[in-house]
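# Show me how the following folds:
(2 chains)
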Amino acid sequence: MKRFDISRLLPGGRWWIIGVPYFWLLVFFMLPFIFVLKIAFSEADVAIPPYTSMFEWVEDTLSIHISFSNFVWLGSDQLYLIAYWNSIKMAFFSTIFCLLLGYPMAYAIARAPARTQATWLLLVLLPSWTSFLIRVYAWMGLLKSNGLINNFLLWTGIIQEPLQMMNTNFAVYIGIVYSYLPFMVLPLYANLVKHDHTLLEAASDLGAKAWVSFWRITLPLSKNGVVAGSMLVFIPVVGEFVIPELLGGADSLMIGRILWQEFFNNRDWPVASALAVIMLLILLAPIALFHRYQNKESADEFS
Amino acid sequence: MSSVERRFTFVNIMFWIGIAFLYLPMVVLVVYSFNESRLVTVWSGWSIKWYGELFRDRQLMSAVLRSLEVAFYSSTAAVFMALFASVVMVRIRRFRSRVLFSGMITAPLVMPDVIIGLSLLLLFVAMGQIVGWPQNRGLVTVWIAHSTFCLAYSTVVISSRLREMDRSLEEAALDLGATPIRAFILITLPIIAPAIMSAWLLSFTLSLDDVVIASFVTGPGATTLPIEVFSSVRRGVTPKINALATIIIGLVSLTALVSWYVTRRIDQRRRAEMSVH
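I've put the predicted structure just below:
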């Protein structure tokens, strides 16, 4: 009997199967970045669309205008540098907090009896299926100065004056950790659940204390899960817009928010594009790291 | 060995702290949606009047319908393409520019929303100028944008199931004379059907949830629910949104509960069958 490849369903089936998603992603994912890059090097103009064109035919010769003014502008204004720095700092500490809370949670689920693991996992993931916006909004009601947390603390007499929590970086951290925690737990669980228990038993037979075997066996083995989870939190948080906008104050400058303002309020498309280009450059290394460990994880499944 | 059910170990305590952290705000939201008072944090008795207000809000209700429509089309298109992409990722190991392909599949998972939104809008504007389409942005452009990022998530879900699948079943069908297309439809598709279903549901909720990308690529008159909610939440906390949130939380919990129960039953039956044989 002759074996058929699944990809030979149709004449040229292989090319359809590769081609449809490939073409879609090229047009609607790759190509857009080229336009961002192009517009980042053009100048703002009072026109529709509001930027100068890069290529122009002047007397039968193609003239190309490349302007670095947007990048010079970004470098000269402290505001943008502070926003980039804030975004990276916020993303870094949020990742640490998610890791500190998410690792024990993932560990607890991975060590639970096999038949209940799905249920515990569901419990952790369920909130993330309800609207992201509504979960951030829920915190607004809790953190306001006449909100529930302040009311509770005043009622118990712990504080005399309401604490200012809304519109602070503290609120932004709460919102980010709350929203991104499942993104940390899921890859960590997927990694931890595959670990071989006999290694830990061997370690304890040899007299290792629980924390020693955790530190020297479990943690190093879960490195791929830690990296994948951390990048899944770090990268999107750098560009986060909704959480700082709703929970943060005027000083919670994050680059996603500045980009939004440049684009929608100032209608300066070239500067917004330049902001996006630099954000992408910053994220290039973490994205590559994520991709590498993602591949390693799926390669492990074959071995 | 610790487990979630027993013992007060450090790990278990952290687990329950995490769960409390995740659920407390939502419980408060649900309780306060039944509050009589206009002031969101002052309790003045039970009432369902905000639900009535919510359903009378024409603008919000039509945004709900628009969002459901976009989510339906986006997740369907995304799952269809993700099925192809999963076959490529799992079964077609070698072809030119495979690295680019797998890179483009995973990149939307982590790419910040503002970058995806901005870049797609700039593409649509440029396409409108060069090829004359799309002239205006609206539901179609939101649909394209959502399909693109849902494709990435769907591929992760479907390809992991396809990877685990036992290929000998397919090969047996081929040996018995089934054409590849029949083998794929009769054997492979039913086996990966649960993954296709969960990929579709995931895409549906992701599309329903997105505010940033939709804000960039939508046009006047095509406001989706999250955009509507975002603009009203920005103005402050309103009891109507509490009611809406409660309905969403209720529907999601119900769906999750039903699917949890069904998979549990299937699991139990399988276990029972295995112990009989």
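
# Which single residue of chain A ends up nearest chain B?
Nearest to chain B in chain A, going by CB to the nearest CB, is A:Gly239, at a distance of 2.3 Å. Bear in mind the C-beta positions are built from the backbone N, C-alpha and C, glycine included.

# A:Gly256 is in contact with that residue, correct?
Yes. Assessed by CB atoms under 8 Å, A:Gly239 is found in contact with A:Gly256 at 4.5 Å.

# Name the residues contacting each of those two.
Counting by CB atoms under 8 Å, 6 or more residues apart in numbering or on different chains, the residues touching both A:Gly239 and A:Gly256 are A:Ser87, B:Pro112, B:Asp113, B:Val114.

# Look at the first one and say how many residues are nearby.
Using other CB atoms under 10 Å in any protein chain shown, A:Ser87 has 24 neighbouring residues.

# Return the list of helices and strands in contact with the helix or strand hosting it.
A:Ser87 is part of helix A:78-111, with elements assigned from DSSP states H and E. Packing contacts for helix A:78-111, counted by 3 or more CB pairs under 8 Å, 6 or more residues apart in numbering or on different chains; DSSP states H and E, involve helix A:114-129, helix A:169-192, helix A:223-238, helix A:255-260, helix A:269-302, helix B:10-32.

# Quick check: phi and psi on the residue in the stretch 1-150 of chain B positioned nearest to chain A?
Per CB to the nearest CB, B:Pro112 is where the stretch 1-150 of chain B lies closest to chain A, at 2.3 Å. With angles defined as degrees, to the nearest 10, B:Pro112 sits at phi -60, psi 140.

# Let me see the confidence value for it.
For B:Pro112, the pLDDT comes out at 93.

# Spatially nearest residue to it, not counting backbone neighbours?
For B:Pro112, the nearest residue in space outside its immediate sequence neighbours is A:Gly239; the separation is 2.3 Å by CB to CB, 6 or more residues apart in numbering or on different chains.

# residues near the one you found, how many?
Considering only other CB under 10 Å, A:Gly239 is surrounded by 29 other residues.

# Do you know the pLDDT at it?
The per-residue confidence score, pLDDT, reads 94 for A:Gly239.

# Quick check: it vs A:Leu125, distance?
Separation of A:Gly239 from A:Leu125 (CB to CB, to the nearest Å) stands at 23 Å.

# so how far is stretch B:239-249 off the chain centroid?
On the basis of CA atoms, centre = their mean, to the nearest Å, the separation between the geometric centre of stretch B:239-249 and that of its chain is 19 Å.

# same question for stretch B:197-210, mean pLDDT?
Per-residue pLDDT values over stretch B:197-210 give a mean of 92.

# residues of that stretch that come out buried?
By neighbour count with 16 or more other CB atoms under 10 Å in any protein chain shown, stretch B:197-210 contains the buried residues B:198-210.

# ok, A:Val172 to A:Leu101 distance?
Applying CB to CB to A:Val172 and A:Leu101 gives a distance of 16 Å.

# okay, the two: which has more neighbours?
Applying other CB under 10 Å to A:Val172 and A:Leu101 shows that A:Val172 carries more neighbours, namely 25 against 21.

# Tell me who's in contact with the closest residue to A:Gly256 other than its chain neighbours.
Nearest non-adjacent residue to A:Gly256, counting by CB to CB, 6+ apart: A:Phe241, 3.8 Å away. Applying CB under 8 Å, 6+ apart, we find A:Phe241 in contact with A:Met254, A:Gly256, A:Arg257, A:Leu259, A:Trp260, B:Asp113, B:Val114, B:Val212.

# angle of the helix or strand where B:Phe84 lies against helix A:269-302?
Taking DSSP H and E as the definition, B:Phe84 sits inside helix B:58-90. Put simply, helix B:58-90 runs at 50 degrees to helix A:269-302, going by axes from the mean of the first three to the mean of the last three CA atoms, to 10 degrees.

# just the buried members of the contacts of A:Phe241?
Among the contacts of A:Phe241, those scoring as buried are A:Met254, A:Gly256, A:Arg257, A:Leu259, A:Trp260, B:Asp113, B:Val114, B:Val212 (criterion: 16+ other CB under 10 Å).

# show me the residues around A:Leu246 that make contact.
A:Leu246 neighbours (CB under 8 Å, 6+ apart): A:Val136, A:Tyr137, A:Met140, A:Gly175, B:Val233, B:Arg234.

# any chance of the residues you listed in CSV, with neighbour count too?
Putting the contacts of A:Leu246 into CSV (neighbours: other CB atoms under 10 Å in any protein chain shown) gives the following:
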residue, neighbour count
A:Val136, 24
A:Tyr137, 26
A:Met140, 21
A:Gly175, 25
B:Val233, 21
B:Arg234, 10
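
# Tell me which of these fall in helices.
Counting by DSSP state H, the members of the contacts of A:Leu246 that fall within helices are A:Val136, A:Tyr137, A:Met140, A:Gly175, B:Val233, B:Arg234.

# Lowest pLDDT pick from those?
Out of these, that is B:Arg234, at 84.

# still on that earlier bit, okay if I get the helices and strands packed on helix A:78-111 as JSON lines plus distance to B:Leu257?
Supplementary listing: the helices and strands packed on helix A:78-111 in JSON lines, determined by distance: least, CB to CB, whole Å:
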{"stretch": "helix A:114-129", "distance to B:Leu257": "9"}
{"stretch": "helix A:169-192", "distance to B:Leu257": "18"}
{"stretch": "helix A:223-238", "distance to B:Leu257": "27"}
{"stretch": "helix A:255-260", "distance to B:Leu257": "35"}
{"stretch": "helix A:269-302", "distance to B:Leu257": "30"}
{"stretch": "helix B:10-32", "distance to B:Leu257": "15"}
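
# Now for B:Leu123: which residues touch it?
Applying CB under 8 Å, 6+ apart, the residues contacting B:Leu123 are A:Phe28, A:Leu31, A:Pro32, A:Phe35.

# which one is the last one nearest to, not counting chain neighbours?
When the adjacent residues along the chain are set aside, A:Phe35 lies closest to B:Leu122, with 4.3 Å between them (CB to CB, 6+ apart).

# Show me which residues of the stretch 151-300 of chain A sit near chain B.
If contacts are counted using CB under 8 Å from any CB of the partner chain, the residues of the stretch 151-300 of chain A sitting beside chain B are A:151, A:178, A:181, A:197, A:231-232, A:235-236, A:238-242, A:245-246, A:256, A:259-260, A:263, A:269, A:272-273, A:276, A:279-280, A:283, A:286-287, A:290-291, A:294-295, A:298.

# Dump the C-alpha coordinates for stretch A:267-282 into CSV.
Taking Å, rounded to 0.1, in the frame of the first residue of the first chain, the C-alpha atoms of stretch A:267-282 are listed here in CSV:
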residue,chain,number,x,y,z
ARG,A,267,-2.2,63.1,15.7
ASP,A,268,1.5,62.8,15.2
TRP,A,269,1.7,59.5,13.4
PRO,A,270,5.5,59.6,12.6
VAL,A,271,6.4,60.2,16.3
ALA,A,272,4.0,57.4,17.3
SER,A,273,5.6,55.1,14.8
ALA,A,274,9.1,56.0,16.0
LEU,A,275,8.1,55.3,19.5
ALA,A,276,6.8,51.9,18.4
VAL,A,277,10.0,51.1,16.5
ILE,A,278,12.2,51.8,19.5
MET,A,279,9.8,49.7,21.7
LEU,A,280,10.2,46.9,19.2
LEU,A,281,14.0,47.2,19.3
ILE,A,282,13.9,47.0,23.1
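
# Relative to the whole chain's centre, how far out is that stretch?
Averaged over its C-alpha atoms, stretch A:267-282 has a centre that lies 18 Å from its chain's centre (CA atoms, centre = their mean).

# What helix or strand is B:Leu100 located in?
Take DSSP H and E as the rule and B:Leu100 turns out to sit in helix B:98-110.

# Which two among the ones in helices among the contacts of A:Leu246 are spaced furthest apart?
Taking CB to CB as the measure, these span a maximum distance of 14.3 Å, between A:Gly175 and B:Arg234.

# Surely B:Gly103 touches A:Phe290?
No. With contact defined as CB under 8 Å, B:Gly103 does not reach A:Phe290; the gap is 10.8 Å.

# For stretch A:117-130, buried residues please.
A:Gln117, A:Trp120, A:Leu121, A:Leu123, A:Val124, A:Leu126, A:Pro127, A:Ser128, A:Trp129, A:Thr130.
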